[in-house]
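Trainee: next comes the sequence, and after it the predicted model I'd like to discuss.
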Amino acid sequence: MRRRRPTLLTRPARWEPPQPAWLDPQPVRQHPGVALPAHTRSVASPGPWTSRWAFAPTWQGRAGAVIDYAVWLAGRVDLLTAARTELAGANLACYCPLDEPCHRDVLLDVANPPADPLAGGRAVGLTLRRPWASLLLVPRHLGGIPIHTCTWSTDYRGPVCIFAGTRIVASAKSTAATAGLDADWHTKQTGWLGAAVLVNIHRAGRHCCQPRGAHPRNHDDRLYHWVFTNPGRLALPTYGRGFLGLRAVSWTVLMRRRALGFTHLRPSPDPSTPTPAAPPPGASP
Ligand SMILES: [Zn+2]
Ligand SMILES: [Zn+2]
């Protein structure tokens with residue numbers, strides 16, 4: 001009798017954010033003095049859709065500027081409504097190169113809000129346990145903990161929307177209290193809390209990122225430190241549901257569904273939504 005080969009549990013292939021279909025409205029690069037293509041609206045300066053944070057000198061600063069814009073836009077119900085009438089269905093143009101973080105990505109999602117924001121979009125989302133999720137969005141100089149310890153890595157760098165899941169890590173509460181933060185308040189924060197820029201991932205060593213990052217207990221522990229900067233927090237969290245791994249989501253996860261024109265507060269589960277590649281067990285912090 002032939003013995004069946006044991007199934008190897010392999011790590012997932014490199015994760016890459018899925019691209020919206022070519023029929024969806026696309027980002028366009030605008031050039032001074034050059035006419036825009038058909039079906040394209042400019043969201044660059046000057047105009048009502050300009051981002052006042054757009055002129056950061058570094059890539060990290062520009063990624064943070066996109067987060068600042070998204071968090072600010074989440075509170076502007078007037079602009080969220082106007083985007084759906086003035087920008088829906090149009091390609092959106094800005095002077096930023098297409099491979100740079102730009103606020104036109106936020107506006108593309110907001111102008112064409114999907115019924116299920118987890119079905120894909122131009123942002124990236126991550127579920128963290130409580131209160132780690134909330135602590136990550138506190139500025140570092142105010143005692144924030146911008147290091148996420150994880151058993152897997154990714155090539156993605158850029159803005160990440162942070163979802164505070166249902167699970168609570170008791171040890172994190174004492175870490176918060178040691179940092180002088182209100183552990184109970186941070187533990188109560190659930191849902192989409194805001195976003196931060198993922199700038200670096202490295203193998204956790206015994207002495208790096210102390211006292212904020214966990215270190216391997218023995219040589220077999222494969223742990224990574226995900227380093228975040230430029231946190232942007234919503235005034236109030238928005239409703240959502242957790243998921244495994246890093247996945248493409250719509251920037252509208254940060255917006256209230258009523259402000260996006262949806263009358264049903266909770267999106268119905270979409271059976272056609274593909275299941276994301278699951279990271280190895282224990283992937284969350
Ligand atoms: Zn731009
Ligand atoms: Zn480290």
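Mentor: Arrived safely, thanks for sending. Ligands and ions are numbered 1, 2, ... in the order given.
Trainee: what strand or helix carries Thr263?
Mentor: Counting by DSSP states H and E, no helix or strand carries Thr263.
Trainee: ok, it - how many residues close by?
Mentor: Other residues lying near Thr263 total 6 when counted by other Cβ atoms under 10 Å. All C-beta atoms are positioned from the backbone trio N, CA, C, and that covers glycine.
Trainee: what residues are up against it?
Mentor: Applying Cβ atoms under 8 Å, 6 or more residues apart in numbering to Thr263 gives no contacts.
Trainee: how much space between it and Pro131?
Mentor: Counting by Cβ to Cβ, to the nearest Å, the gap from Thr263 to Pro131 is 33 Å.
Trainee: the helix ranked longest in the chain near ligand 1 at all?
Mentor: Assignment by DSSP state H gives helix 59-74 as the longest helix of the chain. No. Helix 59-74 is not in contact with ligand 1 by Cβ under 5 Å from the ion; minimum separation 8.1 Å.
Trainee: return the set of buried residues in the following helix or strand past that helix.
Mentor: The helix or strand immediately downstream of helix 59-74 is helix 77-86, counting by DSSP H and E. Residues of helix 77-86 classed as buried: Leu79, Leu80, Ala83, Arg84 (neighbour count, 16 or more other Cβ atoms under 10 Å).
Trainee: same question, stretch 192-207
Mentor: Trp192, Leu193, Gly194, Ala195, Ala196, Val197, Leu198, Val199, Ile201, Ala204.
Trainee: which parts of the longest helix of the chain are buried?
Mentor: Neighbour counts over helix 59-74 (16+ other Cβ under 10 Å) mark 60-74 as buried.
Trainee: how about stretch 101-119?
Mentor: 101-114, 116-119.
Trainee: tell me what Pro159 is bridged to.
Mentor: Going by DSSP bridges, Pro159 is paired in beta bridges with Val197.
Trainee: which residues touch it?
Mentor: Neighbouring residues of Pro159 by Cβ under 8 Å, 6+ apart: Ala63, Gly64, Val66, Ile67, Ala70, Pro101, Ala123, Val124, Ala195, Ala196, Val197, Leu198.
Trainee: cool, Val160 as well?
Mentor: Contacts of Val160 by Cβ under 8 Å, 6+ apart are Val124, Gly125, Leu126, Ala195, Ala196, Val197, Leu198, Phe228, Leu246.
Trainee: quick one: average pLDDT of stretch 244-251?
Mentor: Model confidence over stretch 244-251, given as mean pLDDT, is 93.
Trainee: pLDDT wise, what is Thr7 at?
Mentor: On pLDDT, Thr7 comes in at 43.
Trainee: hang on, I meant Ser174
Mentor: Reading off the confidence values, Ser174 has pLDDT 86.
Trainee: quick check: buried residues in the helix or strand it falls within?
Mentor: Assigned by DSSP H and E, Ser174 belongs to helix 170-178. Neighbour counts over helix 170-178 (16+ other Cβ under 10 Å) mark Ala172, Lys173, Thr175, Ala176 as buried.
Trainee: tell me where the chain has strands.
Mentor: 27-29, 40-42, 91-94, 123-130, 147-150, 158-168, 191-203, 224-238, 246-249 (DSSP state E).
Trainee: looking at the stretch 101-250 of the chain, which residue is nearest ligand 1?
Mentor: For the stretch 101-250 of the chain, the residue closest to ligand 1 is Cys102, as judged by Cβ to the ion, at 3.4 Å.
Trainee: what's in contact with the helix or strand of the chain with the lowest mean pLDDT?
Mentor: Scoring the helices and strands of the chain by mean pLDDT, DSSP states H and E places helix 170-178 at the bottom, with a mean of 86. By Cβ under 8 Å, 6+ apart, the residues outside helix 170-178 that reach it are Arg129, Arg130, Pro131, Trp132, Leu135, Ile145, Asp182, Ala183, Asp184, His186, Thr187, Arg212.
Trainee: and the two most separated of the residues you listed?
Mentor: Comparing all pairs in the contacts of helix 170-178 by Cβ to Cβ, the longest separation belongs to Asp184 and Arg212, at 20.0 Å.
Trainee: the two: which has the busier surroundings?
Mentor: The neighbour comparison of Asp184 against Arg212 (other Cβ under 10 Å) goes to Arg212, with 19 against 11.
Trainee: residue ranges with poor pLDDT in the chain?
Mentor: Across the chain, the ranges flagged by pLDDT under 70 are 1-22, 211-216, 218-220, 264-285.
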